[in-house]
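A.B. asks: Prediction below, plus the sequence it came from.
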Amino acid sequence: MRSMTTLKRRSVTGLPGISAASSLLTAGVFVMFSFIVGCADQELPGNEWPSFHGPDRTNKSPETGLLKEWPQGGPELLFTVSGLGEGFSSVSIADGMIFTSGTVDKQPYVFAFDLMGKQVWKTPAGGSWSTTASYASSYTGARSTPTYDEGVVYYLGEMGRLSAMDSETGKELWVKELAQEFDAPPTEYGYSESVYIDGDRLYVRPAGKKGYKVCLSKRDGSLIWANTDIPGVEGYSSPVVHDFGGYRQVIGASSVGFYGVDAPTGRLLWNVDFINQHACNITDAVVSGGHVFVTGGYGRGSMMFSLNVSGDSIVPEKVWEFEPFDNHHGGVILHEGNLYGSGSQSKGWFCVDFLTGEQKWKATGEEAAITYADGMIYLLGQRGTMTLVKATPEKYEAAGSFRVPEGGKGMCWAHPVVCGGRLYIRHDDRLFVYDVKP
C-alpha cells in the first residue's frame, strides 16, 4: 500500500453525557473506521481502467451502485490536480495510480499520481507538436492516454516517440522513435493514438512507408511484424482488437478508411473506404459480432458494415448509412443494441439502433466526449457542461448536469472516465475528481 489517508471527522470530546474513557474509546473506534475507509478509498480494490476506453476498449465501466441522479450543482468534487499543462489526454487508472500526460512549457510529460491526487513521478516524453496554421493553434498539447500493463506504462508521444516506463518510478525501460524507424512523414496534427497491449504484443500505427501498422514486443520494443499495405496517411483513432470468423483482428483507421489486420501475422484482412472532407478519421470503430460501426465528422456521417468470411479473406459489405450521426472525436457507446453519442455538424445527441441505423431519439446538445457506467451515459460537452443521461432508447432523459470549474483554456475534449466510484474529468491544466457514489 503506497499511502494512507485519514478522513476529516468531528471531535467527540466534550459532548454531554460522555465520560473521558468512553470519549477516548469512541474516538479510537472512529479513528480506526476512518483509517479503514481511507485505505479502501486509496486502494480501490478491483476497480481499474488501465488504458484509453478501458481494458476492452468498449468505454463501458462495469461498476454498479452509482448515483442515478445528480443533486443540483452536480456530485461532490473530491479534489483537483493542477499543473498538467496543455493536452487532451484522458486518464488511465491501475495499481493504485492515476496516469495521464500533458505538455508544460512545450515539453510533454507522462504523470503519475496516487489516488488522492499526490504526484508520484513525471517523466519527459519526447518533443511537442506545433503548427503554423492559425485555426489549429489551440490544438497543441499531449494527445495520447498512457496504457498500463503488468507494472509498465506505455506512451506514444506527439512526435512519434514510443516509451515504456516503470509504473512505480517513471524510469524509462525502452524507447523507440517510430517516425524515424518506419519512415513516416510529418503528421498533420501529431500522433494521437493510445497503444493497445494484447498479451506480450503492442499494436501501434507509425503510418510510415516501412510500416503503417506494426506489432512490437511489449518487453523490449522489438519488431514482430509491419504492414505496409494500408492506404492513406495517419488516422487519429486508437485500435480495437476483436475476434470474428476465426481471426483475431486489429481494427483501426487511416486518413481514408478503416481496416482490419490479422493480429498474429499483420496481414491485411479487409479495408473500407471512409473519407470525409478533411481526410481525418478520429473516432474508434465500434465492433460487435460480425458488424463494424464507423463514424466521422466533416460532413461524413456514420456507416455500418458486416464482415463476411470468404475463404482466407474477409469481405466487408455495407449495411446502412446515416449522415446526421456524425461523431467527430467524442466517442460512441454500444449498449444493449443501441449506439449513443453526439453529432458534430448536426449539433445533437443521438440514440441509434446498431443493426438498422434507425434513429431512436435525438436531443439538442453540443459535441460531447462520452463514457458509460451503471446504465447511465456521461456526456461532457466541449464547452464544459457534464450531463448524466439514462441509457435507454425510449426517450432522452437527463438526470442532472453541472459545469466544470472555469479557468482552463480551449475545449473540453478529453474523454471522461468513471472508475472506483469516481468521475474523472480532464480539462487543460487540471484534472477534476468527483464522487459519484450514493
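C.D. replies: Looks like it came in fine. Predicted model only: the values in this text are computed from it and were never measured. Residues are numbered from 1 along each chain as shown.

A.B. asks: Sort out which residues of stretch 260-275 are buried, please.
C.D. replies: 260-263, 266, 268-272, 274-275 (16 or more other CB atoms under 10 Å). Just so you know, the C-beta spots here come from the backbone N, C-alpha and C atoms, and that holds for glycine as well.

A.B. asks: Export only the CA atoms of that stretch, formatted as CSV.
C.D. replies: The C-alpha coordinates for stretch 260-275 follow below in CSV (Å, rounded to 0.1, in the frame of the first residue of the first chain):
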residue,chain,number,x,y,z
GLY,A,260,-8.6,-4.9,-40.1
VAL,A,261,-5.3,-6.8,-39.9
ASP,A,262,-4.6,-10.3,-38.7
ALA,A,263,-3.2,-9.9,-35.2
PRO,A,264,-0.7,-12.9,-35.4
THR,A,265,0.7,-12.0,-38.8
GLY,A,266,-0.2,-8.4,-39.7
ARG,A,267,-1.8,-9.5,-43.0
LEU,A,268,-4.4,-7.0,-44.2
LEU,A,269,-7.8,-8.8,-44.0
TRP,A,270,-10.1,-6.0,-45.2
ASN,A,271,-10.3,-2.3,-45.9
VAL,A,272,-13.3,0.0,-46.2
ASP,A,273,-13.1,3.5,-47.8
PHE,A,274,-14.4,6.1,-45.4
ILE,A,275,-13.3,9.6,-46.4
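
A.B. asks: who's in contact with it?
C.D. replies: If you take CB atoms under 8 Å, 6 or more residues apart in numbering as the criterion, stretch 260-275 is touched by 198, 201, 203, 213-215, 224-227, 229-231, 241-242, 247-251, 253, 255-259, 281, 292, 294, 296, 300, 303, 305, 307, 313-316.

A.B. asks: same thing but 7 Å
C.D. replies: 198, 213, 215, 225-227, 229-231, 241, 247-251, 256-259, 281, 294, 296, 303, 305, 307, 313-314, 316 (CB atoms under 7 Å, 6 or more residues apart in numbering).

A.B. asks: what mean pLDDT does it have?
C.D. replies: When pLDDT is averaged over stretch 260-275, the result is 98.

A.B. asks: just to revisit the earlier point, buried subset of the contacts of stretch 260-275, written for ChimeraX?
C.D. replies: Buried residues within these, by 16+ other CB under 10 Å, are selected in ChimeraX with:
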select :213,215,225,226,227,230,241,247,249,250,251,256,257,258,259,281,294,296,303,305,307,314,316
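
A.B. asks: low-scoring pLDDT stretches of the protein, where are they?
C.D. replies: 1-46 (pLDDT under 70).

A.B. asks: Which residues lie in contact with the residue nearest to the spatial centre of the chain in this structure?
C.D. replies: Nearest to the mean C-alpha position of the chain, by CA atoms, centre = their mean, lies residue 52 at 3.3 Å. Applying CB under 7 Å, 6+ apart to residue 52 gives the contacts 90, 145, 194, 238.

A.B. asks: In this structure the third one contacts residue 145, no?
C.D. replies: Just to be clear, that refers to residue 194. Yes: if you go by CB atoms under 7 Å, residue 194 and residue 145 touch, sitting 4.4 Å apart.

A.B. asks: so which helix or strand takes in residue 179?
C.D. replies: Per DSSP states H and E: residue 179 is located in helix 178-181.

A.B. asks: sorry, back to before: next one: the nearest residue in space to the residue nearest to the centre of the chain that is not next to it in sequence from residue 268, what distance?
C.D. replies: Excluding the flanking residues, the one nearest residue 52 by CB to CB, 6 or more residues apart in numbering is residue 194, at 3.5 Å. Distance, residue 194 to residue 268, by CB to CB, to the nearest Å: 22 Å.
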